[in-house]
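Colleague: Could you work out the structure for the sequence below:
(2 chains)
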Amino acid sequence: GAGVSQSPSNKVTEKGKDVELRCDPISGHTALYWYRQRLGQGLEFLIYFQGNSAPDKSGLPSDRFSAERTGESVSTLTIQRTQQEDSAVYLCASSLAPGMRTGELFFGEGSRLTVL
Amino acid sequence: AQSVTQLDSQVPVFEEAPVELRCNYSSSVSVYLFWYVQYPNQGLQLLLKYLSGSTLVKGINGFEAEFNKSQTSFHLRKPSVHISDTAEYFCAVITSGGYQKVTFGTGTKLQVIP
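Modeller: Got it, this is the predicted structure:
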């Protein structure tokens, strides 16, 4: 498709289990972001990938969170040993290289994670 | 590094009244500025953006914003709101020509009252 695709759209898991969330950005977009949005809250930055540069992991809340991106394509966000406070919508966004005259982000629909 | 401040977390306004949502930014270099909207239970979408040129930018659904460099502001306005404008609005900034990540404000919830 033409937009940012995220899967799964909904995930219910038990406390202590690991989960993987997937993001497929728009083709040609070198920048990719992960955000967390808790119920009724704003956007919480998690991690930023830009081309082949080292990712900016400054927003990851704990070492239970990690993310990978292969080249300029798919990214996976992994949460190990999930806790109830991890329940949120995880949003992925992509954009063209920031050096270009744009910077506009295109968001996916998000993955809603519920930890029981 | 850049930063964005949205002082109003919630703004209630009556239908057909005007509204202004405030956004201030901080950056030592030139920036691009954006407003995104998130309707209930939906993802974020771009409302409008300022890259260069005219400081008054018009977006979708009758919204507009004015870039004020001296006041480092990018306030969002609409002369007459509708019930359908009830949503959360996020201001965002990125340094132009650089490779820093986009920075978002904390969001403003606009509640239109019938």
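
Colleague: From now on I want contacts and neighbour counts done on CA atoms only, so please keep to that.
Modeller: Will do.

Colleague: Excluding residues flanking it in the chain, which one is nearest the residue positioned nearest the centre of chain B?
Modeller: The centre of chain B sits closest to B:W35, judged by Cα atoms, centre = their mean, with a distance of 3.5 Å. In this structure, B:W35 finds its nearest non-sequential neighbour in B:C91, 4.6 Å apart by Cα to Cα, 6 or more residues apart in numbering or on different chains.

Colleague: residue contacts, the one you found?
Modeller: Residues near B:C91 by Cα atoms under 8 Å, 6 or more residues apart in numbering or on different chains: B:4, B:6, B:23, B:33-36, B:104-105, B:107.

Colleague: at 10 Å what do you get?
Modeller: B:C91 is in contact with B:4-6, B:21-25, B:33-37, B:47-49, B:74-76, B:103-108, counting by Cα atoms under 10 Å, 6 or more residues apart in numbering or on different chains.

Colleague: Just the ones of these in helices?
Modeller: Among these, no residue falls in helices (DSSP state H).

Colleague: before we move on, back to that, against A:T78, how distant is the residue nearest to the centre of chain B?
Modeller: According to Cα to Cα, to the nearest Å, B:W35 stands 29 Å off from A:T78.

Colleague: ok, back up a step: the residue nearest to the centre of chain B bridge partners, please.
Modeller: Counting by DSSP bridges, B:W35 forms beta bridges with B:L48, B:C91.

Colleague: B:E66 is in contact with that one, correct?
Modeller: No: with contacts counted by Cα atoms under 10 Å, B:W35 stays clear of B:E66, the gap being 11.2 Å.

Colleague: Identify the contacts common to those two.
Modeller: Shared contacts of B:W35 and B:E66, defined by Cα under 10 Å, 6+ apart, comprise B:50, B:74-76.

Colleague: need the contact list for the closest residue in space to A:D86 that isn't next to it in sequence.
Modeller: Nearest residue to A:D86, sequence neighbours excluded (Cα to Cα, 6+ apart): A:V115, at 6.9 Å. Listed by Cα under 10 Å, 6+ apart, the contact partners of A:V115 are A:11-17, A:82-88.

Colleague: For B:I60, state which of those residues is nearest.
Modeller: A:A88 (28.4 Å; Cα to Cα).

Colleague: ok, for the closest one, nearest residue in space, not its chain neighbours?
Modeller: In space, and not counting its chain neighbours, A:A88 is closest to A:R38: 4.5 Å by Cα to Cα, 6+ apart.

Colleague: Noted, bye for now.
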